[in-house]
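A.B. asks: take this sequence and fold it.
(chains A, B, C and D)
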There are 2 protein chains.
Amino acid sequence: MRETSVVSIRDVASHAGVSMGTVSNVLNQPDLVSSATRARVLAAIDELGFVPNHAARQLRRGRSRTLGLVVLDVANPFFTDLAKGVEDTIGTAGMALIFCNSDGDQAREDAYLDLLKEQRVQGVLITPVDDASARLLRLRDRGIHVVLLDRRSRDPDLCSVSVDDRLGGELAVRHLLEAGHRRIAFVGGPVGLAQVRDRHAGAVQAMTGAGLDEAALPRLDTPAMTVSAGRDAAARLLGAPRENRATAVFCANDLVALGVLQGLTQQRVRVPEEIALVGYDDIDFAAAAAVPLTSVRQPRQQLGRTAAALLLGEVNEPAEHRHRQVVFEPELVVRESSRRPAGRTTG
Amino acid sequence: MRETSVVSIRDVASHAGVSMGTVSNVLNQPDLVSSATRARVLAAIDELGFVPNHAARQLRRGRSRTLGLVVLDVANPFFTDLAKGVEDTIGTAGMALIFCNSDGDQAREDAYLDLLKEQRVQGVLITPVDDASARLLRLRDRGIHVVLLDRRSRDPDLCSVSVDDRLGGELAVRHLLEAGHRRIAFVGGPVGLAQVRDRHAGAVQAMTGAGLDEAALPRLDTPAMTVSAGRDAAARLLGAPRENRATAVFCANDLVALGVLQGLTQQRVRVPEEIALVGYDDIDFAAAAAVPLTSVRQPRQQLGRTAAALLLGEVNEPAEHRHRQVVFEPELVVRESSRRPAGRTTG
DNA sequence: CTCCAGCCATGAAACGTTTCAGCCCAATGT
DNA sequence: ACATTGGGCTGAAACGTTTCATGGCTGGAG
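C.D. replies: Numbers count the residues shown, from 1 in each chain, chains lettered A, B, ... in the order given. Here you go, the predicted model:
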């Protein structure tokens, strides 16, 4: 059995009868080495089972071939799809990715950003928990490129790739209004989340645009964007006296919507007959839900790919890079959960 | 604006009027330093915005505070739940995690393992694509501890945390048999996957145990364990002449089952009346599906936590570590998708 | 035959830490 | 008064690479 000891470039060098510099060249700039020596060195590497020490390489080079990705919630398929897009693009560019999950927690996000700083990653893709652009700009002062993900940057010096959440919210609520609903609940949270804020703002806009008061859009706050938070919200929703209960619900994402759906179904409230439901993200499970979910679709993988490409550009050619804020348009996908009109008012 | 330059321990030292060694001690062994100097050094660190260089530290120490996690499919909620369990345990132990997604692809798995080797991670948690125990033992010869995840190790010198997939398959099919089904399709793949093999083996065992021939368990292979693969399988399933079509389907995981459900529904085949359906994993979306899915539940987060704890033990106290193969028991959760008997035979 | 240009290879410095032998000095024991 | 102890700090070596100035060859030009 081979010794646990670490085989270094020095061992390879002496085994192949060359200098360390030559081995390094074989690894990094093979063209500089004659094919004969190259072959000898490669053989030695193979024989000794040499694996370059990334720490030493990075220390010497001053930078690593690594990027970081920080998302809000790994358990949300929206983010895993997004991550897949990122991973594909990063991987083909020969970079490695450190995948982090802040879970919507500021402290965890901070801890991961510290980790990424220590690792001297070249760049970070992040869906921040709050509007921490100051913190992110400080990252950039350290030479770490930053691209905002699923979040529009207000700072023109920061790349971002996002979807127009305001428009998404508007589309969703306008659709419900057209179906005849006049009292629509907005479920989502925490309010600090930009995504929640913007989607809500869009919803408000749709209401006022239809000449309705904002009071007709009661708001149910959730502590997180999860299925169980949605279930709780459904209970609160049904707690209201029936006469001023909302006839439709717009959820800030699909997980919450699926939770609300479960909660309603459990209480024998029919969707969409008694309460219509619209989600956000159009994750794959939305279409497969008990009542197929109307949802606002976002180009998930494309979002990830675009952001990764932007970051790679910034990392590889910082000189000619122009910061951009890419904004995609969302698209409403109508399914069973909102199909029938409420019947109160004919739209 | 602060210079992009890197602040090193040397700068901190001179700024605080102490030696580099002292700064290092403040960072790593604060007790060795008097509180007065400690305060001075911390102030300097803060003022200069010093962030330790992980590469240098790791190079000197010879090991990193990093572990790797390689899963088969990030888009599968089963694995993200599992990852959450791992992350929680790892995080509280002050270790960092590099999260990798092999996507069931051998080449990608290899690439990620190389990456982890180069990073000199202390340990790896992996759900391998195939039975690559040789490759994994080689990792261990390098001093990288390995724990198998969601896969039973046949090698007693390799820790593993798994669920009894054979039993799970047996539970699922026995349940269908009790509901009166006599012809049950098994959908899943690729066959190389141990999880698929074992779940199928369990299914076979249930059949033969009931005195039925294995021919009564036709097998539909899928190229991957995804929703879309499930949809395709449903189409093939319905291609068979009705008289020898299976009356029930057991899928190797929930994603496939949800796909099959979608495919069947689309072709107006009622579940469970015409075809009963059982999935595997009991991901959260199974309960929320169009027809709530009967599924074989695995203790997902606990799986992750246990594996992480095992790995941490092996990493921190290699001497007194005993390799263990932990096997959890799966549990059948019966829901709508398999509830009514087939009506042909009364169980 | 000498000189020059290229090609290959060499050897040592440098990257930013940690670690450890050793030094200084004040406090304690005799 | 002197030896002993030990807490607090220093300074330099070492980790495994990459990089770059240097130098030895070889072969073609003058």
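
A.B. asks: give me the buried positions along stretch A:249-267.
C.D. replies: By 16 or more other Cβ atoms under 10 Å in any protein chain shown, the buried positions in stretch A:249-267 come out as A:249-265. (Glycine included, C-beta is placed from N, CA and C.)

A.B. asks: just checking, A:Ser295 touches A:Tyr280?
C.D. replies: Yes - here A:Ser295 reaches A:Tyr280: they are 6.1 Å apart, a contact under Cβ atoms under 8 Å.

A.B. asks: shared neighbours, these two?
C.D. replies: A:Asp254, A:Ala257 (Cβ atoms under 8 Å, 6 or more residues apart in numbering or on different chains).

A.B. asks: these two - which one has more neighbours?
C.D. replies: A:Tyr280 (33 against 30; other Cβ atoms under 10 Å in any protein chain shown).

A.B. asks: show me what contacts that one?
C.D. replies: A:Gly168, A:Ala172, A:Arg199, A:Phe250, A:Cys251, A:Ala252, A:Asn253, A:Asp254, A:Ala257, A:Ser295, A:Val296.

A.B. asks: which residues touch the first one?
C.D. replies: Read it as A:Gly168. A:Arg199, A:Gly202, A:Tyr280, A:Val296, A:Gln298, A:Pro330 are the contacts of A:Gly168 under Cβ under 8 Å, 6+ apart.

A.B. asks: swap in the second one?
C.D. replies: Counting by Cβ under 8 Å, 6+ apart, A:Ala172 touches A:Arg199, A:Gly202, A:Ala203, A:Ala206, A:Phe250, A:Val278, A:Tyr280, A:Thr294, A:Val296, A:Leu332.

A.B. asks: got a pLDDT number for the closest residue to it other than its chain neighbours?
C.D. replies: Nearest non-adjacent residue to A:Ala172, counting by Cβ to Cβ, 6 or more residues apart in numbering or on different chains: A:Val278, 4.7 Å away. The model reports A:Val278 with a pLDDT of 98.

A.B. asks: can you check A:Ala248 too?
C.D. replies: 97.

A.B. asks: swap in A:Glu320?
C.D. replies: Looking at A:Glu320, the pLDDT reads 86.

A.B. asks: just checking, what packs against the helix or strand of chain A with the lowest mean pLDDT?
C.D. replies: Least confident helix or strand of chain A, by mean pLDDT, DSSP states H and E, is helix A:133-141 with a mean of 85. With contacts defined as 3 or more Cβ pairs under 8 Å, 6 or more residues apart in numbering or on different chains; DSSP states H and E, helix A:133-141 has these neighbours: helix A:106-118, strand A:145-149.

A.B. asks: let's see that with 10 Å instead.
C.D. replies: Judged by 3 or more Cβ pairs under 10 Å, 6 or more residues apart in numbering or on different chains; DSSP states H and E, the packing partners of helix A:133-141 are helix A:106-118, strand A:123-126, strand A:145-149.

A.B. asks: below-threshold pLDDT in the stretch 1-150 of chain A: ranges please.
C.D. replies: A:1-5 (pLDDT under 70).

A.B. asks: contacts only, for the one residue in the stretch 151-300 of chain A that gets nearest to DNA strand C.
C.D. replies: Nearest residue of the stretch 151-300 of chain A to DNA strand C (Cβ to the nearest atom of the strand) works out as A:Asp157 at 25.6 Å. Neighbouring residues of A:Asp157 by Cβ atoms under 10 Å, 6 or more residues apart in numbering or on different chains: A:Ser133, A:Leu137, A:Arg140, A:Val146, A:His323.

A.B. asks: closest one of those residues to B:Glu273?
C.D. replies: A:Val146 (54.3 Å; Cβ to Cβ).

A.B. asks: contact partners for that closest one?
C.D. replies: Counting by Cβ under 10 Å, 6+ apart, A:Val146 has contacts A:68, A:113, A:123-126, A:128, A:133, A:135-140, A:153, A:157-160, A:311, A:314.

A.B. asks: can you pick the most crowded of the contacts of A:Asp157?
C.D. replies: A:Val146 leads the contacts of A:Asp157 on contacts (other Cβ under 10 Å) with 26 neighbours.

A.B. asks: tell me the bridge partners for it.
C.D. replies: Counting by DSSP bridges, A:Val146 forms beta bridges with A:Val124.

A.B. asks: distance of it from A:Arg140?
C.D. replies: For A:Val146, the distance to A:Arg140 (Cβ to Cβ, to the nearest Å) stands at 5 Å.

A.B. asks: what's the overlap in contacts for the two?
C.D. replies: A:Gly123, A:Val124, A:Asp157, A:Leu158, A:Glu314.

A.B. asks: which among these count as buried?
C.D. replies: So, by 16+ other Cβ under 10 Å, the buried ones in the shared contacts of A:Val146 and A:Arg140 are A:Gly123, A:Val124, A:Leu158, A:Glu314.

A.B. asks: look up how far B:Ser160 lies from the spatially most central residue of chain A.
C.D. replies: With distances taken as Cα atoms, centre = their mean, A:Phe79 lies nearest the centre of chain A, 4.3 Å away. Distance check for A:Phe79 against B:Ser160: by Cβ to Cβ, it reads 29 Å.

A.B. asks: cool, A:Ser160 as well?
C.D. replies: 43 Å.

A.B. asks: quote the end-to-end distance of stretch A:99-107.
C.D. replies: 17 Å (Cα to Cα, to the nearest Å).

A.B. asks: can that stretch be said to contact chain B?
C.D. replies: Yes - contact of stretch A:99-107 with chain B (Cβ under 10 Å from any Cβ of the partner chain) involves A:Phe99, A:Cys100, A:Asn101, A:Asp103.

A.B. asks: closest one of those residues to DNA strand C?
C.D. replies: A:Cys100 (21.7 Å).

A.B. asks: quick one, the helix or strand where that closest one lies and helix B:106-118 angle?
C.D. replies: Here A:Cys100 sits within strand A:96-101, counting by DSSP states H and E. Computed with axes from the mean of the first three to the mean of the last three Cα atoms, to 10 degrees, the direction of strand A:96-101 lies at 90 degrees from that of helix B:106-118.

A.B. asks: starting at the chain centroid, how far to strand A:96-101?
C.D. replies: Averaging C-alpha positions (Cα atoms, centre = their mean, to the nearest Å) puts strand A:96-101 12 Å from its chain's average.

A.B. asks: equivalent analysis for stretch A:194-208, please.
C.D. replies: 20 Å.

A.B. asks: likewise for stretch A:272-285?
C.D. replies: Counting by Cα atoms, centre = their mean, stretch A:272-285 comes out at 21 Å from the chain centroid.

A.B. asks: over to stretch A:250-270?
C.D. replies: On Cα atoms, centre = their mean, the centre of stretch A:250-270 falls 23 Å from the chain's centre.

A.B. asks: what of stretch A:279-290?
C.D. replies: So, by Cα atoms, centre = their mean, the centroid of stretch A:279-290 is 17 Å from its chain's centroid.
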